[in-house]
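Chemist: Structure of the sequence below:
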Amino acid sequence: MSEQTTSRQSGPTDEWLAAECRRLLGFGRRVTHPAGGAAWLDDDGAPDLSRPVHTWITSRTVHVYGLGSLLGVEGSSSIATAALHGLATTLRDADHGGWFGAVDADRAPSGGTGKSCYDHAFVMLAGSTAVVAALPGAEDLLAEATHVFEEHFWDEALGRVVDGWDRDWEHADPYRGLNATMHSVEAMLAVGDVTGEVVWHDRAARLAGLVVDLAGAHDGRLPEHFGPDWSVDLELNRDRPDDPFKPFGATVGHGLEWSRLLLHLEASLGEAAPPGLLDTSRLLFDRAVADGWHVDGAPGFVYTTDWDGMPVVRQRMHWVAAEGISAAAALHRRTDESRYAERYAEWWAYAAEHLVDTDRGSWHHELDPDNRPQASVWPGKPDLYHAVQATLLPRLPLAPSLASGLALAGASFERL
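Modeler: Below is the predicted model of the structure:
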């Protein structure tokens, strides 16, 4: 990123962000899997057909290329439509309803037959974006996804989500998690914006109340893992601290992601927003920065810390920087405080220097503590979602959610 495209105070220009968004979408143009759905991409953007087709990757592909379609990026609509078709066919459990976590090349369930809230939240997000982008089959997908979510994953009595079920919905997993909760909030905001059903925003607010309480009780370090009664488990996976979905300790990137989502929720609800969202957003942001940013002799965010704020997994994950960028942009938009603009510019400069791969495309998904490419947790480059959103969120209001915001902006938003 040159001096012509950024400054420490202001960050990259809208023109640079638009070009980076287009470059990222170009990287994933081969994502369609021959079995249906979206493939895991390698470092060069080629489908890694040795890996299964994942529902979360396929859903994110619908979302990202649905956004690309709204932006007028050539080829985006057909990629999003193909991924959506994979959700409607290859990944869907036609016998019991809902979606498998993954299927193999023969379209048989891979890695178990259980149903996860994390996956189903992303199917709802995909359906919401697809409806806004007017993709064929979008209305049916969203209707089914919301029905399954309401029936199986939403616990109305507690105002919480159930993390997982077996294939036939007979037995719920005893584990409860904040990661699925977080992406449920994201999906609920999108569903509410698309359908006009305020109950989805109300549910998101109930989930956010848990985070407000947890952040206050744990000095801004969010517990991620819980028992079936939502009792906190601070020791889960201490022996496997770099688990890609259930790591031990506090996950710095999730503190940043929650910081942003609370502001989206506040903006969506307006005067009906519960108290404490901005204060908690600040707390989460400040704790993530203090514990995670440039704390071990090199720039970058560490992945996780223990409950005293000491680094545990020191690899730098691309998605954490992307969420830091987006959270800083959201807080600056909400408060107009220069310290957030300064962080925004600083982290974009870091991403441009260390994460953006101008030779092979996309962003390096993982760096070692010295900011060299590594693949111990995230081999290849399977995920465009965080990076693409980091190019779009800073240019849009805090509400409505991304797809609805792009549609509302219309011709006033720079077309790519």
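
Chemist: secondary structure element for Leu17?
Modeler: Following DSSP states H and E, one finds Leu17 within helix 14-27.

Chemist: Check the model's average confidence along stretch 272-292 for me.
Modeler: The average pLDDT within stretch 272-292 is 98.

Chemist: What of stretch 28-48?
Modeler: Mean predicted lDDT for stretch 28-48 stands at 98.

Chemist: Give me the residues contacting it.
Modeler: For stretch 28-48, contacts defined as Cβ atoms under 8 Å, 6 or more residues apart in numbering pick out 27, 49, 51-55, 57-58, 60-61, 64-65, 75, 79, 82-83, 85-87, 89-91, 103-107, 357, 360-362, 380-382, 384. (Glycine included, C-beta is placed from N, CA and C.)

Chemist: Buried among the residues you listed? Need that as a selection in PyMOL.
Modeler: Selection of buried members from those for PyMOL, criterion 16 or more other Cβ atoms under 10 Å:
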select buried, resi 27+51+52+53+54+55+57+58+60+61+64+65+79+82+83+85+86+87+90+91+103+107+357+361+362+380+381+382+384
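
Chemist: which stretches of the protein form helices?
Modeler: Secondary structure of the chain, counting by DSSP state H: helices at 14-27, 55-70, 76-88, 117-132, 138-148, 178-195, 199-217, 252-269, 277-292, 318-335, 338-350, 385-392, 402-409.

Chemist: could those go into JSON lines alongside distance to Asp306?
Modeler: Below are those laid out as JSON lines (distance: least, Cβ to Cβ, whole Å):
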{"stretch": "helix 14-27", "distance to Asp306": "34"}
{"stretch": "helix 55-70", "distance to Asp306": "27"}
{"stretch": "helix 76-88", "distance to Asp306": "38"}
{"stretch": "helix 117-132", "distance to Asp306": "24"}
{"stretch": "helix 138-148", "distance to Asp306": "37"}
{"stretch": "helix 178-195", "distance to Asp306": "17"}
{"stretch": "helix 199-217", "distance to Asp306": "16"}
{"stretch": "helix 252-269", "distance to Asp306": "12"}
{"stretch": "helix 277-292", "distance to Asp306": "9"}
{"stretch": "helix 318-335", "distance to Asp306": "17"}
{"stretch": "helix 338-350", "distance to Asp306": "23"}
{"stretch": "helix 385-392", "distance to Asp306": "24"}
{"stretch": "helix 402-409", "distance to Asp306": "34"}
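
Chemist: Show me the one of those that comes nearest Trp165.
Modeler: helix 117-132 (8.7 Å; Cβ to Cβ).

Chemist: Please name the residues that touch Val64.
Modeler: So Val64 contacts 25, 28, 80, 384-385, 388 (Cβ under 8 Å, 6+ apart).

Chemist: and the residues you listed as JSON lines, adding distance to Ala126?
Modeler: Shown next, in JSON lines, are the contacts of Val64 (distance: Cβ to Cβ, whole Å):
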{"residue": "Leu25", "distance to Ala126": "16"}
{"residue": "Gly28", "distance to Ala126": "15"}
{"residue": "Ala80", "distance to Ala126": "9"}
{"residue": "Leu384", "distance to Ala126": "13"}
{"residue": "Tyr385", "distance to Ala126": "11"}
{"residue": "Val388", "distance to Ala126": "14"}
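
Chemist: Ala190: which of these is nearest?
Modeler: Tyr385 (13.1 Å).

Chemist: my read: that closest one touches Arg60, true?
Modeler: Yes - the pair Tyr385 / Arg60 is scored as a contact, 4.2 Å apart, by Cβ atoms under 8 Å.

Chemist: Any idea how many residues pack against Val295?
Modeler: Neighbours of Val295 under the rule other Cβ atoms under 10 Å: 18.

Chemist: Please renumber the chain so that the first residue is 6 from this point on.
Modeler: In the new count, where the first residue is 6, that last one comes out as Val300.

Chemist: How about the contacts made by it?
Modeler: Neighbours of Val300 in contact, by Cβ under 8 Å, 6+ apart: 307, 316.

Chemist: now the one 5 residues further on
Modeler: Counting by Cβ under 8 Å, 6+ apart, Gly305 touches 298-299, 321, 326, 355, 359, 372, 374, 376.

Chemist: hmm, 7 Å instead?
Modeler: 299, 321, 355, 359, 372, 376 (Cβ atoms under 7 Å, 6 or more residues apart in numbering).

Chemist: Quick check: ChimeraX command selecting the buried ones in those.
Modeler: To isolate the buried members of these in ChimeraX, using 16+ other Cβ under 10 Å:
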select :321,355,359,372,376
